[in-house]
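# can you look at this prediction? I've put the sequence above it.
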Amino acid sequence: MNDYLVEEIITITKDPESRAFWEKAVRVLGEGRAAEELGELKYQMNTKEVREPAKYLTALLKSQMDKQGAAGGQEQRRTEPEKLNTYFEKNQITLFSNLQPQKSIGEAEEKAMELPYGKDTIPWATFVSSSFFTLSTNKAKSDVVRAKFRTMDGEASVVPLIRGKVKPGGKERGIPTAEHGRILAAIESVWVQQGCQYYKYPTGAAACYCVVSIRELAKLLGRHAFGGKDLVELTDKVFDLKVLPYYIDLSGLGIKDFIGYGFTLLSKIELAEGMKRGQPETALKIEFSTPLSAQLLNRHAVSRPKELPQIQSELGFLLRLYLEPILLGMQSSVFSKQIKDLIADLALPPAGWHEDKCERRRQFEKAIHSMKEQKTADGRPILLSVEKGLFDWMLMARLGSAVSTAAAQGTSGK
């Protein structure tokens, strides 16, 4: 286990006497979850709501450990503890190496993750950011955006991401939209519910897979009315995820042997149709691409709530993907950004409202309203608003607390 997180906890809490507890908490929860709770402490300290940081953090960590059945008792034994410690790859070379598509050749062995994801959340691969999706108003069949890739060592590379082409100069095939992103989240939810199954190929490649009915998928997306035309449309959009490609251009990083990768998010889909209760039923067997599967199986994924696919606003969905990693990892209490700059960060397709300050405000307020109440997977509310800034309207975002300060301050338990 890396010691840097424990040392940061001691620096902030000024409580070196509790080192054994801090080390146990990081070991049991993993560095990602422990770091999230430390971030909550930092926020509460910034708002001057916490007078005893050590007691407050103890309460947060014990609450999470209690949920895992590990607090105050025998620690759960895990066969692969190192894979639970971080949401990110260790470094840039490892990340881009593992994003390389693998050859899935030969007779595959059916397996399931020994330590599957919790069924109350959706695992979302950390390399798939808001940059991977666009709005349905984007009429371009391909484009180039700047995508940021972070790793555990603190490095972040911003590289060209070509959306809609399998390689530079290739055929334009179309760009996945926010709705495609919502469908992917729903499919991943089904994968978790079915036990995180995957194929292991003789070549060493692995591919996650699940079987889902189109009607079940529609329910996960929050669709209530669902007719024959809708069934066909949704089926087509699932198949889009198999054919709408990306190309990550790595030529500018100067990493030996890495030039670029072309891939899709899904690699294989098989369709079967029949009748169920007098209605036509379409079932799909879906196999994830090897780059996406590798990230999920190695737990380089963050937990998203099961409600993620039900964000009906396209802009709201992109905003959610963009904001959450920032809010979980930021040092300050509130994230703020000019809406005009946010439009550029989200790589939104050109639109007349981008140049109208009042219309920019209206569009983002509409998206926030459509998103309704948003929470992180651990229950913290995401608080969003649009406020007047010096030069433009500002988007303001912060995480609320899922633990009452008063209750936490009254808990020591070390």
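It's in. A quick note: this is a predicted structure, and the numbers were derived from the prediction, not measured.
# for G228, give me the pLDDT.
Looking at G228, its pLDDT is 76.
# that one: neighbour count?
G228: 9 surrounding residues under other Cβ atoms under 10 Å. No exception for glycine: its C-beta is placed from N, CA and C like everyone else's.
# where along this protein do the helices fall?
4-13, 19-29, 31-46, 53-67, 92-98, 178-193, 214-220, 228-243, 290-297, 314-329, 339-345, 357-371, 405-409 (DSSP state H).
# grab the most central residue of the chain for me.
W124 (3.6 Å; Cα atoms, centre = their mean).
# so what's it up against?
185, 188, 301-304, 308 (Cβ atoms under 8 Å, 6 or more residues apart in numbering).
# so which of these sit within strands?
In strands, judged by DSSP state E, the following of those are found: 301-304.
# quick one: which of those has the most company?
Ranking these using other Cβ under 10 Å puts A301 first, with 23 neighbours.
# that older thread, pLDDT and distance to L231 added to the contacts of W124, as a markdown table?
Conversion of these to a markdown table gives the following (pLDDT from 0 to 100; distance: Cβ to Cβ, whole Å):
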| residue | pLDDT | distance to L231 |
| --- | --- | --- |
| A185 | 98 | 20 |
| E188 | 97 | 21 |
| A301 | 88 | 30 |
| V302 | 86 | 31 |
| S303 | 85 | 30 |
| R304 | 90 | 26 |
| L308 | 94 | 22 |
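# just for the stretch 151-300 of the chain, where's the confidence low?
Counting by pLDDT under 70, the ranges of the stretch 151-300 of the chain that qualify are 152-154.
# what sits opposite the residue nearest to K337 when sequence neighbours are not counted in the beta ladder?
Excluding the flanking residues, the one nearest K337 by Cβ to Cβ, 6 or more residues apart in numbering is L395, at 5.5 Å. Under DSSP bridges, the beta-bridge partners of L395 are K337, V386.
# what residues does L395 make contact with?
336-337, 339, 342, 364, 384-386.
# separation between it and Q295?
Look at L395 and Q295: by Cβ to Cβ, to the nearest Å, they are 28 Å apart.
# residues contacting the residue nearest to the residue nearest to the centre of the chain when sequence neighbours are not counted?
Leaving aside its sequence neighbours, W124 sits nearest to R304 (Cβ to Cβ, 6+ apart; 4.7 Å). By Cβ under 8 Å, 6+ apart, the contact list for R304 reads 121-124, 185, 324, 377.
# how close does R304 sit to Y117?
R304 is 11 Å from Y117, by Cβ to Cβ.
# so what sits against both of the two?
Joint contacts of R304 and Y117 (Cβ under 8 Å, 6+ apart) are P123.
# dump the ones in strands among the contacts of W124 to a markdown table, plus distance to L318.
Shown next, in a markdown table, are the ones in strands among the contacts of W124 (distance: Cβ to Cβ, whole Å):
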| residue | distance to L318 |
| --- | --- |
| A301 | 19 |
| V302 | 16 |
| S303 | 19 |
| R304 | 14 |
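# which of the residues you listed lies closest to D257?
Lowest distance from D257 to the ones in strands among the contacts of W124 (Cβ to Cβ) belongs to A301, with 26.2 Å.
# contacting residues for W393?
W393 neighbours (Cβ under 8 Å, 6+ apart): 338-339, 357, 360-361, 364, 386-387.
# count of residues packed around the residue lying closest to it once chain neighbours are set aside?
Take W393 and drop its neighbours on the chain: the residue closest to it by Cβ to Cβ, 6+ apart is R361, 4.3 Å away. Per other Cβ under 10 Å, the neighbour tally for R361 reads 19.
# do the same with the one 4 residues further on
Around E365 there are 16 other residues, counting by other Cβ under 10 Å.
# what's the closest non-adjacent residue to A34?
V26 (4.6 Å).
# no no, Y209
E287 (4.6 Å).
# from the contacts of R304, which land in strands?
Those of these lying in strands (DSSP E): 121-124.
# which one of those residues sits closest to S63?
T121 (16.7 Å).
# surely that closest one meets A377?
Yes. The criterion here is Cβ atoms under 8 Å, and T121 meets it with A377 at 4.6 Å.
# what touches both of the two?
Joint contacts of T121 and A377 (Cβ under 8 Å, 6+ apart) are 303-305.
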